[in-house]
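**Q** 3D model of this:
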Amino acid sequence: MLIKRPRGWEIPDSQATPEHLVTNRRALMAAAGAGVMLAPTAARAQFWRRSEPADPWARTPATVPDLPPAMRNTRYPAGRDLSAERDAVTYNNFYEFGSDKGIWTTALKMPTRPWTVKVEGMVESPGEFDVDDLIRRIGLEERTYRLRCVEAWGMTVPWTGFQLSKLLDIVKPLGSAKFVRFETAQKPEVMTGLRQSWYPWPHIEGCTIEEAGNELTFMPVGLFGKPLPPQNGGPFRVVFPWKYGFKSGKSIARITLTDERPKSFWETLQASEYGFWANVNPEVPHPRWSQASERLIGSNERVPTRIFNGYGEFVAGLYSNLQNERLWA
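**A** Below is the predicted model of the structure:
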């Protein structure tokens, strides 16, 4: 994996959802009692430097609808300023489009509508779901999460989406389901990285059924209040904020509930460096570098890494009986 020198950032956390743009007064009043605020999805102010390339959102297909209003969930404070929107959408790992960080120009060629995801396997009600139908059926919220890459850099971004557990409630997992397998779409007409035949395509990720049901496990369909762009895993991805970023599968086309532990893409390539669990731990180094600190994209500030990326109060209990597992890689 490569690391490129990033650009500066300017957007504070308070601008994730500008309150003065909130227009639905009734929703706002209802949300106040639940400790959330309404997050409008209108475009936020941009701080592009004139010398930089064109707007990386500009080529998003016109067929992608705007996101409906989303409640901002304040239960998971990030504890640091947002990364700049431009950095978040132009500094990406997505090997289906290439192995460098600047894949966004290629990724934006991928149509993201129509888009369906199949949910199958050990469930009572399997089905193929249109992403926009899921958005209408489940509803959306906005969460600002820290993102920690295994390459020892980090960002902080506002995702719009819903808990994976709400999708699982629709399909009703069987008691025999122990794991959840996520499969990234394969679109060779735009995913030029698929020509690299030495990689074990399709890109697979997985988690336990308990991790899938955790309140932090999130299915984003948006970023910075806009439809999730392809370079960030759009239109539909999964995020585990307490794990290293490679565990959070992108552009998901299939979800399978199974009783067999999935072997993930990076685990297949190099299991000694990229394991099934991959929980963030500053005291367990990668075989080739330290994980004790992380470089914040934009500022280049190096800050201490936190165990479980700072989300231990929500997830540590998932692993209390798994101490014999290799939890930190």
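**Q** For Y199, give its distance to K187.
**A** 15 Å (C-beta to C-beta, to the nearest Å). C-betas here are computed from N, CA, C, even on glycine.
**Q** nope, F179 is what I meant
**A** 26 Å.
**Q** Same check on N300?
**A** N300 is 34 Å from K187, by C-beta to C-beta.
**Q** Who has more neighbours out of these two?
**A** The neighbour count for N300 versus K187, taken as other C-beta atoms under 10 Å, is higher for K187 (16 against 12).
**Q** Find the nearest non-adjacent residue to L327, please.
**A** Among residues not flanking L327 along the chain, W277 sits closest, at 4.6 Å (C-beta to C-beta, 6 or more residues apart in numbering).
**Q** Quick one: neighbours of the one you found, just the number.
**A** If we define neighbours as other C-beta under 10 Å, then W277 has 19 of them.
**Q** Check the spacing between E120 and M219 real quick.
**A** 16 Å.
**Q** ok, now K250?
**A** 12 Å.
**Q** cool, Q163 as well?
**A** 7 Å.
**Q** Give me the common contacts of the two.
**A** With contacts taken as C-beta atoms under 8 Å, 6 or more residues apart in numbering, Q163 and M219 have no neighbour in common.
**Q** State the helix or strand in which A88 lies.
**A** Under the criterion of DSSP states H and E, A88 resides in helix 85-90.
**Q** What average pLDDT does that helix get?
**A** Mean per-residue pLDDT for helix 85-90: 97.
**Q** show me the contacts for A152.
**A** Residues near A152 by C-beta under 8 Å, 6+ apart: 286, 289-291, 293-295, 305.
**Q** how about 6 Å then?
**A** Residues in contact with A152 (C-beta atoms under 6 Å, 6 or more residues apart in numbering) are 289, 294.
**Q** again with R295
**A** Contacts of R295 by C-beta under 6 Å, 6+ apart are 153, 302.
**Q** ok, it to W153 distance?
**A** Counting by C-beta to C-beta - R295 and W153 are separated by 5 Å.
**Q** Also M110?
**A** From M110 to W153 the distance is 24 Å (C-beta to C-beta).
**Q** What sits closest to T156 if chain neighbours are left out?
**A** A78 (4.8 Å).
**Q** With I103 instead?
**A** With C-beta to C-beta, 6+ apart, the residue lying closest to I103 is F97, at 4.0 Å.
**Q** Check the burial of the one you found by counting its neighbours.
**A** 27.
**Q** Neighbour count: K250 and M219, which is higher?
**A** Between K250 and M219, K250 has the larger neighbour count (other C-beta under 10 Å), namely 28 against 22.
**Q** which residues are in contact with stretch 272-288?
**A** 148, 243-244, 247, 266-267, 291-292, 305, 307-309, 326-329.
**Q** Sitting in helices, which of those do you find?
**A** Among the contacts of stretch 272-288, the ones falling in helices (DSSP state H) are 266-267.
**Q** these two touch, right, W159 and P220?
**A** Yes. Counting by C-beta atoms under 6 Å, W159 touches P220, with 4.0 Å between them.
**Q** The residue positioned nearest the centre of the chain pairs with what?
**A** The centroid of the chain falls nearest to V239 when counting by C-alpha atoms, centre = their mean (3.6 Å). On the basis of DSSP bridges, V239 is bridged to F218.
**Q** unless I'm mixing things up, it is touching S248, no?
**A** Yes. Contact criterion C-beta under 6 Å: V239 and S248 qualify, at 4.7 Å.
**Q** Where is the longest strand in the chain?
**A** The residue-count maximum for a strand in the chain (DSSP state E) belongs to strand 153-163.
**Q** could you give me the average pLDDT of that one?
**A** 98.
**Q** List the contacts of the following helix or strand past it.
**A** Next in sequence after strand 153-163, counting helices and strands by DSSP H and E, comes helix 164-171. Applying C-beta under 6 Å, 6+ apart, the contact partners of helix 164-171 are 119, 123, 125, 138, 212-213, 217, 219.
**Q** Try it again at 8 Å.
**A** 119, 123-127, 129, 134, 137-138, 180, 212-215, 217-219, 238, 255, 257.
**Q** just the buried members of those?
**A** 119, 123, 129, 134, 138, 180, 212-214, 217-219, 238, 255, 257 (16 or more other C-beta atoms under 10 Å).
**Q** For those residues, work out which two are farthest apart.
**A** The most widely separated members of the buried ones among the contacts of helix 164-171 are F129 and N214, with 21.2 Å between them, by C-beta to C-beta.
**Q** before we move on, back to that, tell me the helices and strands packed up against the helix holding A88.
**A** The helices and strands touching helix 85-90, judged by 3 or more C-beta pairs under 8 Å, 6 or more residues apart in numbering; DSSP states H and E, are strand 153-163.
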